[in-house]
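Engineer: Predicted structure and sequence below. I'll ask about it afterward.
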Amino acid sequence: MPMRVIFCLVLVGALLSAQTEAPKEPSKAQEPATPSAAATPAPRYIAIKDATLHTVSHGTIAGGTILIKNKLIHAVGTDVVIPEGAEIIDGRGKHVSPGFVAIAAKGALGLRNSTNKEKAEHRFDPFADFMLLALANGVTCAHESGGMADSMFGGLFGSVGSAFIGSHTGQLGGVVGKLTAGTIEGFTVREPAAFYMNSPGAQGGSARLEQRDVFEKAKKHRAAVKAWLKDLAAGKKDLQEPKTEENVAALADAMNGEIPVFYYADSRREMAFALELAHEFNVPIILHTAQEAWTIAADVSRSAAGVILLPRGKGGSATRPYTDPHVDAPHGWRMESASIMQKLGVPWSTMTLNTGITTSLFAGRDLLGLNLEAAFAVRGGVSNEEALRSITLTPAEMLHVQDRIGSLDKGKDADILLLDREPLDYRTFVEKAFVNGRLAYDEQTTPLYAHIQTDRRQPPKDWKPWGIWGELPEQKVPAPLSDGSKVEQK
Amino acid sequence: MMRALSFVLLVALGVVAQDGPVAPVEPGCFALVGGRVFTMAGPSIERGVVLMRDGKIEQTGAVGELAVPAGYRVVDTTGQRVIPGFIELHNHTACSDLHDIVYQVNPELRVLDNIEMDSPEMRIARAGGVTTVLSIPGSGTNMGGFGAIVKTFGETPQEVLVRFPGALKIAQAGNPERGNGDLGAGRIGMNWMIRNVLVEGRAYHEAWCAYEEGKTKTQPTKDPRYEYLRGLYRGEYPVAVHTQIFQVVQSTLRMLARDLKLKVVIDHGEFDGFINARLAIENNVSAACGPRVFWLSQNDGRFFGLAASWYWLGVSDDHIGVNTDSPVVPQEELSFQAAMAIRHGLPEGVALKGLTINAARFLCLEKRLGSLETGKDADLAIWTGDPFDPRSRVLMTFVNGKVAYDAARDGQRF
Amino acid sequence: MTRPAMDNVSDWLRSCGVLLLLVAASLAQETPETQGADEGAAKTPVTAWHVKRAHTISGGVIDDAVILVSAGRITGVGKDGVLAIPSHATHEERRACTVAPGFVHPAGLFFGAGERYDLTGSAAKGDETVRGRLDPQEADLKKLARSGFTTLAIVPSGGGLSGMVAVAKAVKPSQGLPDPAALIRDDKAAVAMAFDPATASREFFLKSIEKARKYITDLEAFKKAGKPAESKPAEAPKEGEAKPEEKKAEGEKKPEEKKPEEKKPEEKKPEPPKEPAKDPKIQPLSDVLESKLASVLFISGASAFLHAEALFAADAGFRPAVAFTGAAFRGGPDAWRVVEGLKKLGVTVLMPPQISNVPFLATLRSTATILLDAGVPVAFMPEARDLDALERYRFELMQLVRHGVHCEDALRAATLTPAEVLGLGHRIGSLEAGRDADFVLYDGDPLAPTTKLVAVVVDGAVIHDAAEEAK
């Protein structure tokens, strides 16, 4: 027995040494060498222990542990065995959530505008400030449609929120990417991401006809492709693969359910036209912004594959209804929109007022407030779990990446947030954000928010901003209300 | 007339809907029973009772200690929170017309004549628990005129108007430059303009005081340009100053607070204005921060909450507030502005004070508004939970003791 | 011994002494250099520069130094009184001066070579030189002469293989417009490349590297085939046997390989390797892979470097110096972000002599300090187009010293390291015997703000003298 062992050891040793003694000649130009089996590094484990886990897919687990192995989630639960050598993070009192999926985003992926259709993974800047800001606010995966403007830096207005770039005849494009700050590995999840279509809107009749025409062509193309494949299988010769314009081909793929369709429509009239097409041609479309979806909820439920909502609605009385018996048609936005969709079983996900990121304008109205926006859906009547789903698993499903993203499940990408409060709490801060199992953001090593103590009843440490002169006043404890009572935290 | 009638009908319907012995309902008498009551004048009452009568708070107390008189319409607030109505310090939507740019300084202009009852924005604002706003001219000129303090609900102008003049609106810098002429595209000119008219106003006031006290015999000329400035110097109302960044806030504090001894409310205080905290404390100046809530310092890469910074640099919790600058941020989102201020470091207790009793004090209306105390206006809102949590909502809002918003009746407006 | 014996000894000693003197004299002659055997023939002129201090870069700082210059080269550097100075040497007394090698600019766009570092596109222009594009003016030469820069590299622009880097030296400004030929010493000192991951240049590079490597292997195979025209498969085994001293294992393998083929006559006989065609547009890349040619890869910043790692991984011979052009809006030269990657590759970094200031995150970092502390060689590339700016160079270096770069490291990054990047480390950039006599005299520490430039020497001749200019 021992001899065999020794022999094996010698063999392995010989193999290993052969590996390291490989000649130093310059290798031929080839793909970057893949490591051989003998040289696979040991798996890297990270465990967050004793935290409240918001799995999204199977409820909330108190006192749970989540184990990351290399790039994936390896185990989730209360009885997770943590391997020796794992990095252990104490999660007591803290919350773990899947990273947020921004289904309508701009600037978070650090993309520059590129006119030559180069792949997003070659265009993005892993050191982009906006990527770090988005991670600091919980976004680990973002969907950006084509045509990003080159506005990497805030200026007064931050990155410009994307009015969607598209046309009424539709186009294929966009990317679903990870916020892999500091590395170019593992960026692309899906590219192209989807087929985008604008409502013909105010452009009038001919635009509507053109849009309908695209659907007709796509239907024909789909049939032609089906027939061609049948002929191929039957062994027929001299066949010509059906070709058509890119947008028609993409819509045909969408009809097969292969790619998502995002249709930009806000008003009842615009949506009605979209739903008509969706129903007639049996295309699963997702209505984007869909402010008045609640007014035609039954139709939406019947014909749309989902809606992307702004739960808070747009500000001002122009878009908000108020009970007025003299106005006969329901219109505008409604706080219960998400709740209405939820009750009808229409998948809904959350977008923000400004889909970009601002560093100088108003808090909580841009992409950095994605979880706050979802909280407004709770105001409108959905549960916390349903609202969290709208910024995690539901957008992943809409983007067809749910097998990898959107919940704390074994085998999914380790895109995980360690939060100091529950994910929809307006006071919650991201302590650590993992993307593909790698620590992409750490609150303590980034200057952004670390000085804002989680317990804001105590004076924060190091509040002194640059430019202040003299000594700060004595440490103050926040004064109680005039007589001694305090506003309790939950 | 129609409105009043429909209201009465509604109340009547309410009567019919009630269970129990049908006692004659006294109009304008409400009892909110069971919820947690934040009086802002003492510890919050875990299971509290609030009695309202004739538009005023009659009494607050605990369930079991304070009896509900017969005939009061009872609203069950168990599990909910009763919070004084929020007071907005920087609004441009309650009255029509933003402002008129006539001269660089327009102390004679006023919004009094633009008061609206039931403006569309205010209908929604009530759903955000906002009951009073200081509606002021915009910042297109260095001195836009005098604003008015109005309620977000009322059936007559008298009901709506709390006080005029509410406050003088001054824009120290950061907007008027665009419209000003040769004198006033820069701060030297703007500061001169502001200071000059205020100094002339002070002289006017002193001359009239001397005459009124019998020290002089000749009656000075009445000048409508300076007339309202007198109340400033009598300390009857404040000056709400649109001012931000370090240098401009400093000039506000020195010129208006220290030299002219006016009651100053810094009504934006954005960017790095908070570096002047020391000067603000010395001159008893209050800071109502908004619509920006944070400032990302490019020198050290940190997000500084504005209200939090004023506070942590020493400004007392009685001198902090938050605003929306509606329509920049919709009026109903005043609570959300406070939420963002809390997120960026302001203690919750201070935020709640800021929207209620502090704001009342900034407006010299602490005797009438800002807390649930006997004799004060019955302005309050019933919330499902923490008003700063976006997941909470308003169920009912009372203004002057009347139901100004009822989610069950009006639909959820916010 | 008797008196007469001692007399004899002293006589003997005297004559020995004379002999010794004669021997010494003859030995002292530098015979190899003398042209013509005449007794009165001129010896090669030598100038001995006596200075207060010499920053040799390669051999440390020498106080009270003397530098020997002859025929345009440095022939000796040492301490005054220790280093032997030829008797016929002329002496330049500069005992109040400090001397350092002239600055070397590794990546200039002067004299009209270009507007900026253009990284976009992907063309193969390995055969292009910049000479035809240059248009130096008299005024330019004056500025150059007094800038303290003795060597300028001028780089072509454009994504992909941008072209060949020319090396020019400062000259004494003279009347009339100079012919660029007088400036340029080498048209093809190095090859410049530019990479932008957001354009097709990525594919271009991977393909080009592959092509360049293939050329090398094909050429090796071709050479190995010996006399290619006559070699037949049947001879192959003999070849293998006939040249047992060949170390190539393939030679030994050939007999085994060929035999099975011989047994299948119907199979085609393997073609003898043809001489691979040289593609002048790609050829420099092959030289780079074999470390025969210096090269620089221009990129925009750390993010592009991460993408460029794929290029480095494609071929272990692909190791150009990496130039971080570092646009200001991106926070200046941000090579600090990828210092580990740079260290692993062992490449030299070119960067502007600036601090990195990242907006928002407000991190002020001295990129050079971080790189040098990690052991990554750094060469500075100051302002690319503005000759006036070159005069401010020393102040930029001072700024970096303030942020933690050691004085000697700063000087090295301005002299020897850029010379090495250009493949000229054996010729310029340091004060060492055998190097070109390119140096600058200062009236004090070159990195002190009050120090002034006194004189500039190129190839042993003074091309700029501040005192003369002042007259």
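Structural biologist: Ah, there it is.
Engineer: From now on I want contacts and neighbour counts done on CA atoms only, so please keep to that.
Structural biologist: Noted.
Engineer: For chain C, give me its nearest residue in the stretch 101-250 of chain B.
Structural biologist: residue B:245 (17.9 Å; C-alpha to the nearest C-alpha).
Engineer: where does the stretch 301-414 of chain B come near chain A, residue by residue?
Structural biologist: B:301-304, B:309, B:312-314, B:317, B:327, B:329-330, B:337, B:339-340, B:342-350, B:353, B:389-393, B:410-414 (C-alpha under 8 Å from any C-alpha of the partner chain).
Engineer: Can you go through those and name the buried ones?
Structural biologist: By neighbour count, with 16 or more other C-alpha atoms under 10 Å in any protein chain shown, these hold B:301-304, B:309, B:312-314, B:317, B:327, B:329-330, B:337, B:339-340, B:342-350, B:353, B:389-393, B:411-414 as buried.
Engineer: Mind checking which of these land in helices?
Structural biologist: Under the assignment DSSP state H, these contribute B:309, B:312, B:337, B:339, B:340, B:342, B:343, B:348, B:349, B:350, B:353 to helices.
Engineer: Identify the farthest-apart pair in these.
Structural biologist: The most widely separated members of those, counting by C-alpha to C-alpha, are B:312 and B:337 (18.3 Å).
Engineer: List the residues that contact residue B:239.
Structural biologist: Shown in contact with residue B:239 (C-alpha atoms under 8 Å, 6 or more residues apart in numbering or on different chains): B:167, B:168, B:169, B:170, B:232, B:262, B:263, B:264, B:265.
Engineer: Quick one: buried ones out of those?
Structural biologist: Buried residues within the contacts of residue B:239, counting neighbours by 16+ other C-alpha under 10 Å: B:167, B:168, B:169, B:170, B:232, B:262, B:263, B:264, B:265.
Engineer: Tell me if I am right that the fourth one is in a strand.
Structural biologist: In other words, residue B:170. Yes - under DSSP: H, G, I helix; E, B strand; the rest coil, residue B:170 falls within a strand.
Engineer: where exactly do the helices run in the chain?
Structural biologist: Going with chain A. Along chain A, the segments classed as helices by DSSP H run A:2-20, A:120-123, A:129-136, A:205-233, A:246-255, A:268-281, A:297-303, A:337-344, A:370-379, A:384-389, A:393-398.
Engineer: oops, I was thinking of chain B
Structural biologist: Under DSSP H, chain B gives helices at B:2-17, B:120-126, B:157-160, B:176-179, B:187-212, B:224-227, B:229-233, B:246-252, B:277-282, B:306-312, B:334-343, B:348-355, B:357-362, B:407-410.
Engineer: looking at the ones you listed, which is buried most?
Structural biologist: Of the helices of chain B, the one with the most neighbours on average (mean count of other C-alpha atoms under 10 Å in any protein chain shown) is helix B:306-312, at a mean of 29.
Engineer: who's in contact with that helix?
Structural biologist: A:459, A:463, A:476, B:269-271, B:274-275, B:277, B:287-289, B:292-295, B:317, B:320-322, B:341-342, B:344-347.
Engineer: can we see that at 7 Å?
Structural biologist: Residues outside helix B:306-312 that contact it (C-alpha atoms under 7 Å, 6 or more residues apart in numbering or on different chains) are B:270, B:274, B:277, B:289, B:293-295, B:317, B:320, B:341, B:344-346.
Engineer: Let me know the closest of the residues you listed to residue A:431.
Structural biologist: Nearest to residue A:431, judged by C-alpha to C-alpha, of the contacts of helix B:306-312 is residue B:344 at 15.0 Å.
Engineer: so what's the closest one closest to, chain neighbours aside?
Structural biologist: Leaving out its chain neighbours, the residue that sits closest to residue B:344 by C-alpha to C-alpha, 6 or more residues apart in numbering or on different chains is residue B:305, at 4.6 Å.
Engineer: Any idea what the one you found is bridged to?
Structural biologist: Beta-bridge pairing of residue B:305 under DSSP bridges involves residue B:294.
Engineer: Show the pLDDT at it.
Structural biologist: You'll see residue B:305 listed with a pLDDT of 93.
Engineer: What is the burial count for residue 228?
Structural biologist: Since you didn't name a chain, this refers to chain A. Residue A:228 is flanked by 17 other residues according to other C-alpha atoms under 10 Å in any protein chain shown.
Engineer: other chain: chain B
Structural biologist: Neighbour count of residue B:228, defined by other C-alpha under 10 Å: 22.
Engineer: Mind putting the helices of chain B into a markdown table with distance to residue A:273?
Structural biologist: A markdown table is the format used below for the helices of chain B (distance: least, C-alpha to C-alpha, whole Å):
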| stretch | distance to residue A:273 |
| --- | --- |
| helix B:2-17 | 39 |
| helix B:120-126 | 30 |
| helix B:157-160 | 45 |
| helix B:176-179 | 45 |
| helix B:187-212 | 55 |
| helix B:224-227 | 58 |
| helix B:229-233 | 59 |
| helix B:246-252 | 53 |
| helix B:277-282 | 57 |
| helix B:306-312 | 46 |
| helix B:334-343 | 36 |
| helix B:348-355 | 45 |
| helix B:357-362 | 49 |
| helix B:407-410 | 30 |
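Engineer: wait, which of the ones you listed is closest to residue A:92?
Structural biologist: Short answer: helix B:334-343, nearest of the helices of chain B by C-alpha to C-alpha, at 21.5 Å.
Engineer: picking up where we left off before, my guess is the residue nearest to residue B:344 contacts residue B:343. True?
Structural biologist: No - checked against C-alpha atoms under 7 Å, the pair residue B:305 and residue B:343 is beyond contact range at 8.1 Å.
Engineer: Just the residues contacting stretch C:87-106, thanks.
Structural biologist: With contact meaning C-alpha under 7 Å, 6+ apart, stretch C:87-106 is reached by C:45-56, C:148-153, C:381, C:414-415, C:418-419, C:422, C:429-431, C:438-445.
Engineer: That stretch: which residues count as buried?
Structural biologist: Of the residues in stretch C:87-106, C:89, C:94, C:97, C:98, C:99, C:100, C:101, C:102, C:103, C:104, C:105, C:106 count as buried by neighbour count, 16+ other C-alpha under 10 Å.
Engineer: circling back: separation between the residue nearest to residue B:344 and residue B:270?
Structural biologist: 10 Å (C-alpha to C-alpha, to the nearest Å).
Engineer: Nearest the geometric middle of chain C, what residue?
Structural biologist: Closest to where the C-alpha atoms of chain C average out (C-alpha atoms, centre = their mean) is residue C:424, at 2.4 Å.
Engineer: which residues touch it?
Structural biologist: Here residue C:424 is in contact with no residue (C-alpha under 7 Å, 6+ apart).
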